[in-house]
Structure formats: structure tokens, C-alpha cells
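A.B. asks: mind folding the following:
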Amino acid sequence: MSKLGKVLVAMSGGIDSTVTAMMMHDQGYEVIGITMKTWDYANSGGNKKETGCCSLDSINDARQVAVNMGFHHFIVDIREDFGDFVIDNFVDEYMAGRTPNPCVLCNTHIKWNSLLKRADALDCEFIATGHYAIINEQAGRKFVTKAVDDKKDQSYVLWGLDQACLHRSKFPLGGYTKPEIRQMAYDWGYEELSKKAESFEICFVPDNDYRGFLKRRVDGLAEKVNGGNFLNMKGEILGQHEGYPFYTIGQRKGLKIALGKPMYVTKIEPKTNTVVLGEMEDLIKNGMTVGGVNSMKYETIPDGLEAVTRIRYKDPGTLSALRNNNIPGQVKVEFFANVKGVAPGQSAVFYEGDDVVGGGIIHSGRMN
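C.D. replies: Okay, here's the model as predicted:
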């Protein structure tokens with residue numbers, strides 16, 4: 001029994017989770033590996049070859065690392081939980097005219113719950129994942145801080161973790177860059193793994209075609225929503241679209257309508273199956289309402305706190321003031337500069353320097 005304790009390491013078979021397991025083992029923890037089967041590619045109906053965290057090859061890769069390093073490895077089937085929550089939410093959000101972020105939901109509602117449940121069953125004090133982020137502590141509260149590698153930082157998708165999860169979680173990769181992690185894999189004798197390509201697709205949409213996935217998932221969807229109207233900002237009909245769920249706020253490409261100038265999706269109205277188009281300036285917002293807020297760094301988000309708010313994963317963020325909305329779990333965000341492309345359903349994450357103050361789901365944006 002290690003003096004440092006037992007740690008359950010989430011292993012997808014990829015380079016990041018593999019190096020995480022090796023690092024924890026090298027540091028002296030008693031490691032147990034776990035691979036979670038979240039999705040069957042055969043059920044997606046796509047035409048891409050099965051790859052990624054749920055493929056048989058990846059599961060075998062994870063198990064082989066465990067065998068090589070001499071620690072136990074388990075495979076857990078969480079497809080039912082994953083499908084019921086993450087995929088159903090994904091479909092429901094698009095059908096409601098919003099743009100979901102399934103990776104956030106998967107992290108905070110499925111993977112961590114599954115990891116902690118198995119950690120308890122295996123008497124593991126900690127869980128470790130290959131996320132690029134750092135966990136810090138202040139006044140007894142744990143919170144996520146940006147990783148050293150800006151290009152790989154994943155703090156944005158971790159805003160929903162509560163204190164119980166954070167107190168038992170470890171992110172050993174947060175202090176390293178991706179090239180350093182690749183070098184570690186190479187030095188440990190995993191030359192092929194060190195060169196392994198990364199996937200940036202949604203795991204259950206392997207061909208990266210969410211429209212095709214929705215059509216396959218919802219019976220008769222294309223026929224039900226095809227032929228709705230494109231409207232301009234005045235409510236005038238511009239033409240016909242292919243169905244409101246197949247568009248996202250801020251979209252310009254793929255509209256298949258010629259209007260003589262660039263036009264963008266500014267609003268989606270499911271009840272009338274209409275998609276409103278406008279010019280770039282019509283996307284500008286000076287504020288928004290965020291719900292389902294998880295306050296991470298502080299017990300509650302201080303009213304008037306100035307923070308940098310990111311409205312999507314690659315968004316650099318905008319300085320803003322966070323206001324108490326007098327509704328539990330809800331915050332009003334006042335931007336200090338105009339922001340384009342606020343999309344209901346996406347995550348808003350608030351930063352104080354490099355620290356995650358908290359985050360939530362965008363409900364609506366406010367116009368200038």
C-alpha cells in the first residue's frame with residue numbers, strides 16, 4: 001500500500017491519459033486504471049472508421065499500458081447513462097434552437113460521477129485525468145486554474161465540477177506543455193503513442209456531421225422541419241431553409257442563400273421554424289444572462305465582480321462585470337466591450353486572472 005494512497009486514473013488509450021497514469025505511478029501512488037465505454041460508433045450511423053476513446057483499439061491500448069506497468073485495469077460500460085443524459089440533451093438543445101456543449105455535460109455529470117462511484121468501490125482516495133488544467137486552493141475551496149500550455153488548456157470545460165469532485169481530483173498534466181508530454185511518452189518507451197494524432201470531434205459524432213446525426217436520431221426530422229423561412233431583422237421573408245435545428249447563432253457558411261452580402265444567423269425560432277439572418281453588427285451583444293451557475297473559487301460569485309468571460313472554448317474572453325440576478329443559480333453578465341456570437345446553450349466561464357471563478361449555461365444575450 002502506497003503512503004500517497006490509491007488513485008483511479010481515467011484511461012482512454014490516448015497519450016494524455018496514458019502519461020497521466022505513468023506519472024502517478026512514477027510519483028509513488030498505487031494506480032488503478034479505468035476505461036469508460038461511453039458510446040458505440042455503430043449506433044451513430046456515420047460512415048467514419050471507429051476511432052477515439054471508445055474504440056476497441058483504444059481500450060486495448062489502455063489495458064496494455066496497465067499490464068506493462070503492473071497495475072490493475074477495469075473497463076466500465078456507461079453507455080446507458082451517457083446516452084440518456086449527454087446525447088438526449090444534445091438532441092433536445094438543438095431541437096430547442098440552442099447550441100449545446102456535450103463535453104461539459106459529460107465531464108461534470110457523467111464521467112466524474114462514474115469515476116467517483118468506482119473510486120469509492122475500489123477504496124481510491126483520488127481520481128486523476130489527462131485534462132490540461134491545474135487545481136489550486138484558497139480559503140479551503142478548490143478551484144481550477146488554466147494550464148501552462150495555453151493551446152491545450154481545458155479549464156473551460158471543467159467549470160461544472162463541484163467541491164466534492166475537486167477535492168479528490170488530480171490533473172498532473174496541467175504544469176506541462178503538449179510537446180513535453182509527447183517527450184515523456186517517448187522516453188518511457190511509447191514511441192508510437194508519442195506520435196498519436198488527437199481527435200477534436202464530439203465522440204458520438206465521429207464524422208463531425210451533427211446535422212446528419214440529428215437526422216438519424218430523430219425520426220422524420222428532415223421532413224418535419226424542411227422548408228421553413230429565412231427572415232431578415234424586419235421579419236421579411238428572404239427564402240427557404242433546410243430546418244431550424246441545422247443552424248447555429250453566428251453561422252455564415254452553409255446557408256445556401258445568396259443575398260449580395262455576408263449574412264449571419266442571429267436568431268433561431270423553433271416554434272415557427274424560422275431562422276433570422278442579419279449582418280455582423282446584428283450579432284453584437286453588451287450583456288447576457290447565464291443560468292445553472294456553479295461558483296467555484298468563491299462560495300457565491302461576488303456581486304459586481306470583474307472577470308473575463310469566455311463564451312466558447314476558443315474564445316479569448318471579454319472583461320465583464322458579474323451581477324447578482326436575484327434568482328438562485330443565475331448571473332447577469334455586463335460586457336465592457338461589444339461581443340459577437342452569444343449562443344444560448346453554450347457555456348460561459350468566468351476567469352479572475354488564470355483562475356476559474358465559475359461558469360454556467362448561456363440563457364440569452366442582450367442587444368446594444
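A.B. asks: quick one, strands of the stretch 1-150 of the chain?
C.D. replies: 6-10, 30-37, 72-77, 126-128, 133-138, 141-146 (DSSP state E, counting those that start in this stretch).
A.B. asks: tell me the spacing between Gln235 and Asn208.
C.D. replies: Check again: residue 235 is Gly, not Gln. According to CB to CB, to the nearest Å, Gly235 and Asn208 sit 34 Å apart. In this view, the C-beta of every residue, glycine as well, is placed from N, C-alpha and C.
A.B. asks: so these two - more neighbours on which side?
C.D. replies: Neighbour totals were compared for Gly235 and Asn208, and Asn208 leads with 13 against 9 (other CB atoms under 10 Å).
A.B. asks: any idea which of the strands of the stretch 1-150 of the chain is most buried?
C.D. replies: Highest mean neighbour count of the strands of the stretch 1-150 of the chain: strand 6-10, a mean of 25 (counted as mean count of other CB atoms under 10 Å).
A.B. asks: put the alpha carbons of that one into PDB.
C.D. replies: Extracted as PDB, the C-alpha positions of strand 6-10 are listed here (Å, rounded to 0.1, in the frame of the first residue of the first chain):
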ATOM      1  CA  LYS A   6      -4.600   4.900  -4.200                       C
ATOM      2  CA  VAL A   7      -5.600   6.800  -7.300                       C
ATOM      3  CA  LEU A   8      -8.100   5.800 -10.000                       C
ATOM      4  CA  VAL A   9      -6.900   7.000 -13.400                       C
ATOM      5  CA  ALA A  10      -9.300   7.500 -16.300                       C
END
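A.B. asks: mean confidence for that strand?
C.D. replies: Strand 6-10 shows a mean pLDDT of 96.
A.B. asks: got the angle between it and strand 72-77?
C.D. replies: 50 degrees (axes from the mean of the first three to the mean of the last three CA atoms, to 10 degrees).
A.B. asks: which parts of this structure are helices?
C.D. replies: Ranges of helices in the chain, per DSSP state H, are 15-27, 56-69, 79-82, 88-95, 102-105, 112-121, 163-166, 178-187, 191-194, 210-217, 221-225.
A.B. asks: and these: which comes nearest Ala258?
C.D. replies: Among the helices of the chain, the nearest to Ala258 by CB to CB is helix 210-217 (20.7 Å).
A.B. asks: now the closest one and helix 88-95, what's the angle there?
C.D. replies: On the basis of the same axes, to 10 degrees, helix 210-217 is oriented at 110 degrees to helix 88-95.
A.B. asks: pretty sure Val205 sits against Phe213.
C.D. replies: Yes: Val205 is in contact with Phe213 according to CB atoms under 8 Å; the separation is 4.9 Å.
A.B. asks: so who does Met95 touch?
C.D. replies: By CB atoms under 8 Å, 6 or more residues apart in numbering, Met95 lies in contact with 218, 245, 270.
A.B. asks: ok, the second one - contacts?
C.D. replies: Read that as Pro245. Pro245 makes contacts with 94-95, 97, 211, 214, 221, 225, 270, as judged by CB under 8 Å, 6+ apart.
A.B. asks: now do 7 Å
C.D. replies: Residues in contact with Pro245 (CB atoms under 7 Å, 6 or more residues apart in numbering) are 94-95, 214, 225.
A.B. asks: buried subset of those?
C.D. replies: Burial by neighbour count, 16 or more other CB atoms under 10 Å: within the contacts of Pro245 this picks out 94, 214, 225.
A.B. asks: neighbours of Gln240, how many?
C.D. replies: Each residue near Gln240 was counted by other CB under 10 Å, and the total is 12.
A.B. asks: distance check, the residue lying closest to Lys37 once chain neighbours are set aside against Val19.
C.D. replies: Counting by CB to CB, 6 or more residues apart in numbering, Lys37 lies nearest to Asp77, which is 4.8 Å off, once chain neighbours are set aside. When distance is defined by CB to CB, Asp77 is 25 Å away from Val19.
A.B. asks: Gly317 and Glu352 touch, don't they?
C.D. replies: No: Gly317 is beyond contact range of Glu352, at 11.3 Å (criterion: CB atoms under 7 Å).
A.B. asks: partner residues bridging the residue nearest to Ala21 when sequence neighbours are not counted?
C.D. replies: Excluding the flanking residues, the one nearest Ala21 by CB to CB, 6+ apart is Val9, at 4.4 Å. With beta bridges defined as DSSP bridges, Val9 has these partners: Gly33, Ala128.
A.B. asks: isn't Val9 right up against Thr35?
C.D. replies: No: taking CB under 7 Å as the definition, Val9 is not a contact partner of Thr35, at 9.8 Å.
A.B. asks: possible to save the contacts of Met95 as TSV with distance to Gln346 and pLDDT?
C.D. replies: Converted to TSV, the contacts of Met95 look like this (distance: CB to CB, whole Å; pLDDT from 0 to 100):
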residue	distance to Gln346	pLDDT
Val218	21	91
Pro245	16	95
Pro270	17	95
